[in-house]
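> Structure for the following, please:
(3 chains)
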Amino acid sequence: MQDSDLEQKTGQIFALIQGTPLLQMPEDLYIPPDALEVFLEAFEGPLDLLLYLIRKQNLDIVNIPVAQITHQYIVYIQMMELLNLELAAEYLVMAALLAEIKSRMLLPRQPDLEEDEEDPRATLIRRLQEYENIKQAAEAIDQLPRLERDLFVCVAEVALNMPKQHPDVDMKELLFAFKQVLKRSDQLSHHQIFKEPLSVRERMATILEKLKGADSLAFAQLFIRKEGRHGVVVSFLAILELSKERLIDIFQPDNCSGEQLRIRSASSAAG
Amino acid sequence: MELKAIVEAILFASAKPMTARQVQQVFPELEQPDLADIEVAIDSLIEDYQSRPVELKKVASGYRFQVRSELAVWVSRLFEEKPPKYSRALLETVAIIAYRQPVTRGDIEDIRGVSVSTNIIQTLLDREWVRVVAHKESPGRPALYGTTKAFLDYFNLQSINELPTLQEIQNLDIVIENQP
Amino acid sequence: MELKAIVEAILFASAKPMTARQVQQVFPELEQPDLADIEVAIDSLIEDYQSRPVELKKVASGYRFQVRSELAVWVSRLFEEKPPKYSRALLETVAIIAYRQPVTRGDIEDIRGVSVSTNIIQTLLDREWVRVVAHKESPGRPALYGTTKAFLDYFNLQSINELPTLQEIQNLDIVIENQP
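Now for the predicted structure:
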């Protein structure tokens, strides 16, 4: 019944995708192109996409019409390629598998050959079921009440005279941990991320904190005479970097009193 | 009576869930009450707090006082940071580890049909939701992952059996044969 | 009645003492009860907890639940043990804050590639190694973190400049026994 329905719609050609005529617009693809991209990216992989195609049409997993699903799957894959979405290799592997199952089903059965290997269709169906079960379980877990969102631990303070015990940390451990961070993040990006001298980063934090207690600060207030020339440079670089990261605004008071430049936190400027 | 008050104070003072055994250990060595008495005190406390804004709840690694979930929506605004959202990929990965443990990364990839990013495994290890329980005796000796008590605590569960039930996989043998 | 329950839950869930005004702020803007009503609720709670193992007490910076002083001695042993070591996630987080301050939690997550739990940030704030220097003017107004004088003191540094440069760290051959 489903099949004859589909055949009727294949009369006209919708589009050519990489030379292949797209005969039929999948019914659920009437989505604006931007949304389409988001939509296609939402799949967790080929199994997820297949499940979507199957469920969308109220098909039974154990009884999937392979030819139809294969066709629809390929259309999606081509859409993704057309949109230049980075396509995980797994999607192509699945396309090949579907094509293989489809061709096998067209051939007459060869019982002696099939005995020692599992029917790839049965394997696929089992994997789809298994994945769907996990997918549902993951959704159910997401709904469970959990700490930080639905559960809050109650603690009563204990007024004791002894100081609270903290774990000891060796400088080596701290540096080792940081080395791991650098190792994980790629070489290029961390030079980008950690490019300013440390003193500048620290000064940035200090300036922001100073701004917490004031509407704005005059430039002059940010330079400390006893720090000398080096201190001035550090403050200056910190101000520029804060401005670049849009954490502060540099402005000139509009009362034309000849006052110097001031800075204010980006928040007070927005308000 | 006195014992119950001390148990209550201990459980309120602790930032982590505590078992009856751990509560017992807090008492000076020569004054440690019987475990059974502590358990009676805890049960009685659970009862006392039944209809209060705060409940005494048993989770995997012990008992903890927590805000009753109906009130959580009010309390959540106490915290500036939004609670973390977990991606589908992460939830599916931890679900596979929870239901199929011990599993290797390869097993997870087989079930999900896509590769598992190192970030996800790292996040799960970081949060101490999963740990390496052993290494598989196969080429490369891949790590076998299992979930932890901290994972169950986080989701308010006492044991892995309380996880949502997994659907049975239908048997295919019969259906397959009559396919065109 | 309802209000009292919410106030009780908020005060129990808060890590710090809270004033009536702060409690009021936790409510959504359009549903904020009158300050007077909150004060009535707090007074009534103080009364309720008069003879319980835990009391609602007014301290300098607000109200907090605390273990009644007569019981504190029993509970104290809970804090005697050396706390467990910090996780690698925590150490990575404080290192990133040191090298990249001022940073938001989101920035830290981007750099680490994994999410950072509220717990880690709270532990670092509690230890006073890290402080909120400002809030970023972006959706959610996330806090910007920086390191403190106490952090420098702990590691015996005069200034943050004394931390090794990235280059030095990369060339560093660090050997650590029993990695967490």
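> mind listing the strands for chain B?
With DSSP state E, the ranges of strands along chain B come out as B:54-59, B:62-67, B:130-135, B:143-147.
> Revised request: answer the last question for the stretch 151-271 of chain A.
Here the stretch 151-271 of chain A has its strands, by DSSP state E, counting those that start in this stretch, at A:216-218, A:248-251, A:262-265.
> Need the winner for burial among the ones you listed.
strand A:262-265 (a mean of 21; mean count of other CB atoms under 10 Å in any protein chain shown). For glycine as for every other residue, the C-beta is placed from the backbone atoms N, C-alpha and C.
> Is any residue of that one near chain C?
Yes. Contact of strand A:262-265 with chain C (CB under 8 Å from any CB of the partner chain) involves residue A:265.
> do stretch A:123-142 as well
No. Figure legend: stretch A:123-142 not in contact with chain C (CB under 8 Å from any CB); closest approach 14.8 Å.
> Then stretch A:234-254?
Yes. Looking at stretch A:234-254 against chain C by CB under 8 Å from any CB, the contacts come from A:246-247.
> what's next to that stretch, contact-wise?
A:196-197, A:199-201, A:203-204, A:206-208, A:211, A:216, A:219, A:222-224, A:227, A:259, A:261-266, A:269, C:102, C:134, C:136-137, C:144 (CB atoms under 8 Å, 6 or more residues apart in numbering or on different chains).
> Are any of those residues buried, and if so which?
A:196-197, A:199-201, A:203-204, A:206-208, A:211, A:216, A:222, A:262-266, C:102, C:134, C:136-137, C:144 (16 or more other CB atoms under 10 Å in any protein chain shown).
> List, out of these, those positioned next to chain B.
Among those, no residue sits close to chain B (CB under 8 Å from any CB).
> so which residue of the stretch 151-271 of chain A comes closest to chain C?
residue A:205 (3.1 Å; CB to the nearest CB).
> My guess is that residue contacts residue C:143. True?
No. Between residue A:205 and residue C:143 there is no contact under CB atoms under 8 Å: 11.8 Å.
> Pick out whichever of the two has more residues nearby.
Between residue A:205 and residue C:143, counting by other CB atoms under 10 Å in any protein chain shown, residue A:205 is the more crowded of the two (25 against 20).
> What ranges in chain B fall below the confidence cut-off?
B:1, B:169-180 (pLDDT under 70).
> In space, not sequence, find me the middle residue of it.
residue B:152 (0.5 Å; CA atoms, centre = their mean).
> show me what contacts that residue?
B:59-61, B:158-160, B:162 are the contacts of residue B:152 under CB under 8 Å, 6+ apart.
> Likewise for residue B:5?
C:52-53, C:71.
> Which one (most neighbours) among the contacts of residue B:152?
residue B:59 leads the contacts of residue B:152 on contacts (other CB under 10 Å) with 22 neighbours.
> how would you label residue A:90: helix, strand or coil?
helix (DSSP: H, G, I helix; E, B strand; the rest coil).
> contacting residues around it?
A:45-46, B:113-115.
> Identify, from the residues you listed, the entry nearest to chain C.
residue B:115 (15.6 Å).
> And for the nearest residue to that closest one once chain neighbours are set aside, the neighbour number?
Setting aside the residues directly before and after it, residue B:115 is nearest to residue B:109 in space (CB to CB, 6 or more residues apart in numbering or on different chains), at 5.5 Å. A count of nearby residues for residue B:109, using other CB under 10 Å, gives 17.
> next one: the one 4 residues further on
When counting by other CB under 10 Å, one arrives at 23 neighbours for residue B:113.
> if we can go back for a sec, buried deepest among the strands of chain B, which one?
Among these, strand B:62-67 has the highest mean neighbour count (mean count of other CB under 10 Å), at a mean of 24.
> is chain A contacted by that one?
Yes. Judged by CB under 8 Å from any CB, strand B:62-67 comes into contact with chain A at B:64-67.
> What is the nearest of the residues you listed to chain C?
residue B:67 (4.6 Å).
> which residues touch that closest one?
Taking CB under 8 Å, 6+ apart, we find residue B:67 in contact with A:151-152, A:154, B:53-55, B:75, C:9, C:12-13.
> How far away from the center of its chain is stretch B:12-28?
18 Å (CA atoms, centre = their mean, to the nearest Å).
> Put the alpha carbons of that stretch into PDB.
Taking Å, rounded to 0.1, in the frame of the first residue of the first chain, the C-alpha atoms of stretch B:12-28 are listed here in PDB:
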ATOM      1  CA  PHE B  12      22.900  17.600  58.200                       C
ATOM      2  CA  ALA B  13      26.500  18.500  58.800                       C
ATOM      3  CA  SER B  14      27.800  16.200  56.100                       C
ATOM      4  CA  ALA B  15      28.200  17.600  52.600                       C
ATOM      5  CA  LYS B  16      28.100  14.000  51.100                       C
ATOM      6  CA  PRO B  17      25.600  11.200  51.600                       C
ATOM      7  CA  MET B  18      26.600   8.900  54.500                       C
ATOM      8  CA  THR B  19      25.800   5.300  55.200                       C
ATOM      9  CA  ALA B  20      24.700   4.100  58.600                       C
ATOM     10  CA  ARG B  21      28.200   2.600  59.000                       C
ATOM     11  CA  GLN B  22      29.900   5.900  58.200                       C
ATOM     12  CA  VAL B  23      27.600   7.600  60.800                       C
ATOM     13  CA  GLN B  24      28.700   5.000  63.300                       C
ATOM     14  CA  GLN B  25      32.300   5.900  62.600                       C
ATOM     15  CA  VAL B  26      31.800   9.500  63.600                       C
ATOM     16  CA  PHE B  27      31.200   8.500  67.200                       C
ATOM     17  CA  PRO B  28      34.200   8.100  69.500                       C
END
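> Check which residues of that stretch are buried.
The neighbour-count check on stretch B:12-28 (16+ other CB under 10 Å) flags B:12-14, B:17-20, B:22-24, B:26-27 as buried.
> Can you name the two of the contacts of residue B:152 that sit furthest apart?
B:61 and B:162 (13.9 Å; CB to CB).
> how about the strands in the stretch 1-150 of chain A?
Ranges of strands within the stretch 1-150 of chain A are A:15-17, A:20-22, based on DSSP E, counting those that start in this stretch.
> pLDDT of the last one, averaged?
Predicted confidence along strand A:20-22 averages 54 (mean pLDDT).
> With chain A as the reference, measure out to residue B:54.
As judged by CB to the nearest CB, to the nearest Å, residue B:54 and chain A stand 5 Å apart.
> That residue: what's it in contact with?
Contacts of residue B:54 (CB under 8 Å, 6+ apart): A:154, B:65-68, C:8-9, C:12.
> Please tabulate the strands of the stretch 151-271 of chain A in CSV, including the columns mean pLDDT.
CSV is the format used below for the strands of the stretch 151-271 of chain A (pLDDT from 0 to 100):
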stretch, mean pLDDT
strand A:216-218, 85
strand A:248-251, 85
strand A:262-265, 81
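> hey, where'd the helices end up in the stretch 151-271 of chain A?
Listed in chain order, the helices of the stretch 151-271 of chain A (DSSP state H, counting those that start in this stretch) span residues A:171-184, A:187-193, A:198-212, A:228-244, A:266-270.
> Perfect, I'm done here.
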